[in-house]
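1. Got a predicted structure here, sequence first:
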Amino acid sequence: MEQKRIEALLQKYFKAYSSPEEELELIRYFETHEIPEEWLPAKEQLLGIHALAELDIPVPENLEADILSNLSKIQTQKSVNLFKSRPLYTLVSVAASVIIIASALIFMNRQPDLGTYSDPEMAYAETKQALELVSKYFGHGTAELANLTRIEKAVEPLSNLSKVEETKKNLQLLGHFERGVKQTRGLLSRENEQ
């Protein structure tokens with residue numbers, strides 16, 4: 001009877017419906033009981049996430065103020081756009097690619113053999129079911145990303161820097177044009193004098 005309860009809790013956990021109390025019940029069960037081999041990956045995942053949650057990672061009290069002050073410093077500079085810098089953009093792209101590939105390799109090496117399907121229809125059905133599950137819960141964990149709008153609003157004035165730079169170039173062109181007009185007038189007045 002107890003194994004059926006744990007199996008039901010595991011199903012809820014993997015569907016992201018389990019409460020913190022139910023997850024704690026799973027953790028206690030995994031720590032105190034002998035479990036079937038097929039539950040070992042779930043045990044490792046749950047205990048690993050629980051251990052990470054127990055870590056006390058300090059967040060500086062003035063973090064938001066520091067970020068906003070740094071953004072205002074960048075805004076006051078004449079022309080700062082880090083990602084238009086070709087070497088930096090290339091470096092960030094390469095670093096991101098390496099991280100993605102390394103993560104994929106590590107993940108693939110840790111996964112047990114999930115088997116293959118000889119029946120294409122069964123493989124299609126399983127894939128469809130997995131993708132439906134992913135799409136169902138896709139937005140579930142992204143609620144905290146809504147706070148990023150504050151950062152976007154703080155960076156928004158930086159878009160005006162390109163307009164300032166463009167206006168500066170146009171004024172320089174007008175200056176060249178004005179010098180050309182003055183030189184032409186000077187030549188014309190000399191010719192009229194002769």
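-> The structure has been received and is ready for your questions. Keep in mind that this is a model prediction, so the values were computed, not measured. Numbering: from 1, shown residues only.
2. And residue 25, how far from residue 42?
-> Separation of residue 25 from residue 42 (CB to CB, to the nearest Å): 13 Å. In short, each C-beta sits where N, CA and C put it, glycine included.
3. right, I mislabeled it, should have said residue 51
-> From residue 51 to residue 42 the distance is 15 Å (CB to CB).
4. out of those two, which sits in the busier spot?
-> residue 42 (16 against 10; other CB atoms under 10 Å).
5. Show me how far whichever strand or helix holds the more buried one is from its chain's centre.
-> Assessed by DSSP states H and E, residue 42 sits inside helix 40-54. Chain-centre distance of helix 40-54: 23 Å, with CA atoms, centre = their mean, to the nearest Å.
6. Show me what counts as buried in that helix.
-> 42, 43, 46 (16 or more other CB atoms under 10 Å).
7. Looking at these, spot the one nearest residue 8.
-> residue 42 (12.9 Å; CB to CB).
8. That closest one and residue 9 touch, don't they?
-> No. In this structure, residue 42 is not within contact of residue 9 by CB atoms under 8 Å, at 10.0 Å.
9. can you give me the mean pLDDT across the host helix or strand of residue 171?
-> Assigned by DSSP H and E, residue 171 falls within helix 159-193. For helix 159-193, the mean pLDDT works out to 69.
10. What of stretch 39-50?
-> Here stretch 39-50 scores 84 as its mean pLDDT.
11. can you give me how far that stretch is from the chain middle?
-> Using CA atoms, centre = their mean, the offset of stretch 39-50 from its chain centre is 25 Å.
12. just so I have it, where are all the strands in the protein?
-> With strands called from DSSP state E, the chain shows none.
13. And the helices in it?
-> With DSSP state H as the criterion, the chain has helices at 2-14, 20-32, 40-54, 63-76, 86-110, 120-137, 148-155, 159-193.
14. Noted, bye for now.
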